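K.L.:
Predicted model and sequence below, questions to follow.
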Amino acid sequence: MPAHRSFTWWVGIGLGAVGLYAVVVASEWGIGGRLFPWFAGGLLLAAVLGHTVLGLVRGVEADVEPEATDGGPVPRAWRLKVYGWVILLVVLVPLLGHLVAVPLFVFAFMAANGERLWLSAAVAAAALAFLYFVLEGVVHVDLPHGLVADWLR
Amino acid sequence: MFEIGAAALDGFLLLFSAKALLYLMLGIFAGMFFGLVPGLSGLTGLGLLLPFAIGQPPDVAFAFLLGMFAVTTQTDTIPAVLIGVPGTAAANATYLDGFPMAKRGEAGRALSASYLANILGTLVSTVIFILFLPVLRALIDEFGAPEYFVMSLLGLVMAGSLAGRSLLRGIAMAALGLLVSTVGFAQNTGFPRYDLGGWTYLWDGIPIVPLVLGMFAVPEVIDLLLRRGTIAREAMQTVGGVYSGFADTMHHWWLLFRCSVIGTICGMVPGLGGIVAEWLGYGHAVNSAKDKSMFGKGDVRGVIAAESATSAQKPGSVLPTVAFGIPGNASMAVMLGVFFIVGLKPGPEMMHEKLDLTFLMVWIVVVANVIAAGLCLGLQRWMIMICFIRPTVLAPLILAFMVVGAALATTDVGDVVMFAVFGLLGYVCRRADWPRVPFIIGVVLGHLAEIYLFISVERYGLSFTYTRPIVILIEVLIVAALAMPLYRRFLRGPGEYVRGMS
């Protein structure tokens, strides 16, 4: 595949930018602090440079397989929905804390995706029970309560 | 040799404390679940269970995590044989012959052959482990910081060159892993690095749990969600011929032994692991058979070869991890992270003073496989029902508990941020075919490699690279590892590569 059309090739450019940032930032530190970041960053830059140039010259070979469902390729709308749910969870947890966000997410996801309400509620309740009784009660993990709870206090 | 025998016995006895046994059983049940559900894997399980091992003594933590990891390749065979969907990628070759056998009404024969091949594969690998140990102990005493540093590089280069399609992508990901390991206070200067303008969360470095969960588990669960429908539709109803499966395995003992040796070697070489071991074992069985006509149509030799090779690579992968701190695969990289969490350091300590713990790790794999085989034999008809749980029920639970697991690392909101960042990176890498195994090995090896590089340069300058014989020998091996993919490409032409390893 021509380099400019290849997602794989562009990811390499992105990683190269990370390597460059790492090397530039490390140059402000003493030799003890920058020796290894320079070594690793230099290695990253060299490998990405080689990948980028080879991609331009020969094209990019990658084992990129489209995900497939039983009915064929994954529909774009469903893919975006899945990404949205994952992002929602990652946003909800810091905001509401685990004890609220996890059961809420489980219930909302299942209900919104065609599961029966009683089953969604039961699974969400089981998740809450595990967090509260096992993690907080037995294992004594102090789960974060979320930014909203902190703000309300 | 007496010392090794005593350590082997001590390690075995360590496993039989009440707490270690309890955690081993919990780990086994968890591992059976992760092996059964297509789309999940032992690595996902390791990431999810890792937080629960923090704070436990080493024997308990190892019993829990290794017990879980060891049995995923037992139960991944059940869906491969009964419904034609491998539980993990390491059961793909087993599926080739196991599923046709099940269609002929020989599911029980295929499954029991696979269980016994798993047990015997780990036993053969354990014997090889014990035979290799004296040699490694003598070798490791000759190692100093320069040798350990170049050995780390060898591990990274091998992981980079073998895991995936492109050598350059593998090396780049390994280097990225090394860079990520430098986040936080520098070990030799106490100066904070890459803390994004003073974010104190990063001063202790990026915790391994959200990183592993993000890189490996998030892409798998997203795929599970994208699949939408039920994973399985219909299971085989007859599970007959259990005893003939055992007899088959014993009858083909020489094939089992050869494939176990292949698996053990794959375990020792960083970057290979279960999938390659399985296919090499299967390929060897096909190539060495006089009558090849039944392979792929339900030949029990295919099941025995694939399963013995897969199981044998697990004890094999323990050896380079404990001896040199070089993990044989991504799961062992996570286990190496556990080493640091529980206060252990790979190298001479694990080969001498803590040899019993080293043996404990191997015994856990063996004992867990034996227990899991017994459980599978009794419960396989019911266990298969797990494969019928809809992703819309399973995936949100797993996803939610992944976030919980990630946050248990430091219970700071930064854990969730790291989980999200590495989840995105892991998903992008998977979609774009940038291998993730060298990355995680780089992250874990980075801490040790930096110390060894610093000591080597401080003490010897750059002369250590050309004045020490073992260093030169390892450098030659590094060059060979770099040249290997180019040589393979030259021999076979473009387009042939090991799939499914990234």
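P.N.:
Thanks, I have the structure now.
K.L.:
Could you tell me which residues of the stretch 51-200 of chain B lie near chain A?
P.N.:
With Cβ under 8 Å from any Cβ of the partner chain as the criterion, the stretch 51-200 of chain B meets chain A at residues B:52, B:164-166, B:168-169, B:171-172, B:174-176, B:178-179, B:182, B:186, B:188-189, B:191, B:193-194. The way it works is simple: take the backbone N, C-alpha and C, and place the C-beta from them, glycine included.
K.L.:
of those, buried ones?
P.N.:
B:52, B:164-166, B:168-169, B:171-172, B:174-176, B:178-179, B:182, B:186, B:188-189, B:193-194 (16 or more other Cβ atoms under 10 Å in any protein chain shown).
K.L.:
Restricted to helices, list those residues.
P.N.:
Among these, DSSP state H puts B:52, B:168-169, B:171-172, B:174-176, B:178-179 in helices.
K.L.:
Next, give me the two most distant ones among these.
P.N.:
Maximum pairwise distance among these (Cβ to Cβ): 38.0 Å, between B:52 and B:168.
K.L.:
Residue B:306 - nearest residue in space that isn't next to it in sequence?
P.N.:
Counting by Cβ to Cβ, 6 or more residues apart in numbering or on different chains, residue B:93 is the residue found nearest to residue B:306 once chain neighbours are left out, at 3.9 Å.
K.L.:
for that neighbour, what are its contacts?
P.N.:
Residues near residue B:93 by Cβ atoms under 8 Å, 6 or more residues apart in numbering or on different chains: B:278-279, B:281-282, B:302, B:305-306.
K.L.:
quick one: contacts for the nearest residue to residue A:20 once chain neighbours are set aside?
P.N.:
In this structure, residue A:20 finds its nearest non-sequential neighbour in residue A:45, 6.4 Å apart by Cβ to Cβ, 6+ apart. Shown in contact with residue A:45 (Cβ under 8 Å, 6+ apart): A:16, A:19-20, A:23.
K.L.:
Which parts of the stretch 101-250 of chain B are helices?
P.N.:
Under the criterion DSSP state H, counting those that start in this stretch, the stretch 101-250 of chain B contains helices at B:107-140, B:145-162, B:167-181, B:208-212, B:218-227, B:242-251.
K.L.:
so residue A:61, which of the three states?
P.N.:
Of the three states, residue A:61 takes coil according to DSSP: H, G, I helix; E, B strand; the rest coil.
K.L.:
Tell me the pLDDT of the residue lying closest to residue B:341 once chain neighbours are set aside.
P.N.:
Among residues not flanking residue B:341 along the chain, residue B:54 sits closest, at 5.8 Å (Cβ to Cβ, 6+ apart). Looking at residue B:54, its pLDDT stands at 73.
K.L.:
what about residue B:54, how many residues close to it?
P.N.:
Counted with other Cβ atoms under 10 Å in any protein chain shown, the neighbours of residue B:54 add up to 14.
K.L.:
what do you get for residue A:126?
P.N.:
13.
K.L.:
and residue B:142, what are its phi and psi?
P.N.:
For residue B:142, the backbone dihedrals are phi -90, psi 0 (criterion: degrees, to the nearest 10).
K.L.:
Which residue is the nearest non-sequential neighbour of it?
P.N.:
residue B:470 (6.3 Å).
K.L.:
So residue B:55 belongs to a helix, correct?
P.N.:
No: with three-state DSSP as the criterion, residue B:55 is located in coil rather than a helix.
K.L.:
Below-threshold pLDDT in the chain: ranges please.
P.N.:
Since no chain was named, I'll use chain A. Counting by pLDDT under 70, chain A contains low-confidence ranges at A:1, A:3-4, A:63-72, A:139.
K.L.:
was after chain B, sorry
P.N.:
Looking at chain B by pLDDT under 70, you get B:1, B:38-40, B:84-90, B:162-164, B:227-241, B:270-274, B:384, B:386-387, B:409, B:488-502.
K.L.:
any idea which residue sits dead centre in it?
P.N.:
residue B:331 (3.6 Å; Cα atoms, centre = their mean).
K.L.:
Remind me which helix or strand it belongs to.
P.N.:
helix B:330-341 (DSSP states H and E).
K.L.:
which parts of that helix are buried?
P.N.:
In helix B:330-341, counting by 16+ other Cβ under 10 Å, buried: B:330-339, B:341.
K.L.:
now swap in stretch B:13-31 and tell me
P.N.:
Neighbour counts over stretch B:13-31 (16+ other Cβ under 10 Å) mark B:14-15, B:20, B:23-28, B:30-31 as buried.
K.L.:
returning to that earlier point: who are the neighbours in contact with the residue nearest to the centre of chain B?
P.N.:
Contacts of residue B:331 (Cβ under 8 Å, 6+ apart): B:42-43, B:46, B:69, B:273, B:317.
K.L.:
and which of these is nearest to chain A?
P.N.:
Chain A has its nearest neighbour among these in residue B:273, at 16.7 Å by Cβ to the nearest Cβ.
K.L.:
what ranges do the strands span in chain A?
P.N.:
Along chain A, the segments classed as strands by DSSP state E run A:68-69, A:72-73.
K.L.:
For chain B, which segments count as strands?
P.N.:
Using DSSP E, strands in chain B cover B:184-185, B:192-193.
K.L.:
Distance to residue A:141 added to the ones you listed, as TSV?
P.N.:
Formatted as TSV, the strands of chain B follow (distance: least, Cβ to Cβ, whole Å):
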stretch	distance to residue A:141
strand B:184-185	23
strand B:192-193	28
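K.L.:
about what we covered before: adding neighbour count as columns, could you present the contacts of residue B:93 in CSV?
P.N.:
Converted to CSV, the contacts of residue B:93 look like this (neighbours: other Cβ atoms under 10 Å in any protein chain shown):
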residue, neighbour count
B:278, 29
B:279, 21
B:281, 33
B:282, 28
B:302, 28
B:305, 36
B:306, 35
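K.L.:
Which of these fall in helices?
P.N.:
Using DSSP H, the subset of the contacts of residue B:93 located in helices is B:278-279, B:281-282, B:302, B:305-306.
K.L.:
tell me the domain ranges of chain A?
P.N.:
The record assigns chain A these domain ranges, following automatic domain parsing: A:3-58, A:74-152.
K.L.:
I'd assumed residue B:143 was in contact with residue B:151.
P.N.:
Yes: in this structure residue B:151 lies within contact range of residue B:143 using Cβ atoms under 8 Å: 7.4 Å.
K.L.:
So if I had to pick from these two, which one is more boxed in?
P.N.:
residue B:151 (27 against 18).
K.L.:
Which residue, neighbours along the chain excluded, lies closest to that one?
P.N.:
Nearest residue to residue B:151, sequence neighbours excluded (Cβ to Cβ, 6+ apart): residue B:324, at 5.0 Å.
K.L.:
residues near the one you found, how many?
P.N.:
Residue B:324 has 25 neighbours, counted by other Cβ under 10 Å.
K.L.:
Go through the helices of the stretch 101-250 of chain B and name the closest to residue B:393.
P.N.:
Closest among those, once you apply Cβ to Cβ, is helix B:218-227, at 11.1 Å.
K.L.:
circling back to that earlier point, of the domains of chain A, which stretch is the most buried?
P.N.:
Counting by mean count of other Cβ atoms under 10 Å in any protein chain shown, domain A:3-58 has the highest mean neighbour count of those, with a mean of 18.
K.L.:
Make CSV from the contacts of residue A:45 and add distance to residue B:199 to it.
P.N.:
Converted to CSV, these look like this (distance: Cβ to Cβ, whole Å):
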residue, distance to residue B:199
A:16, 24
A:19, 21
A:20, 21
A:23, 21
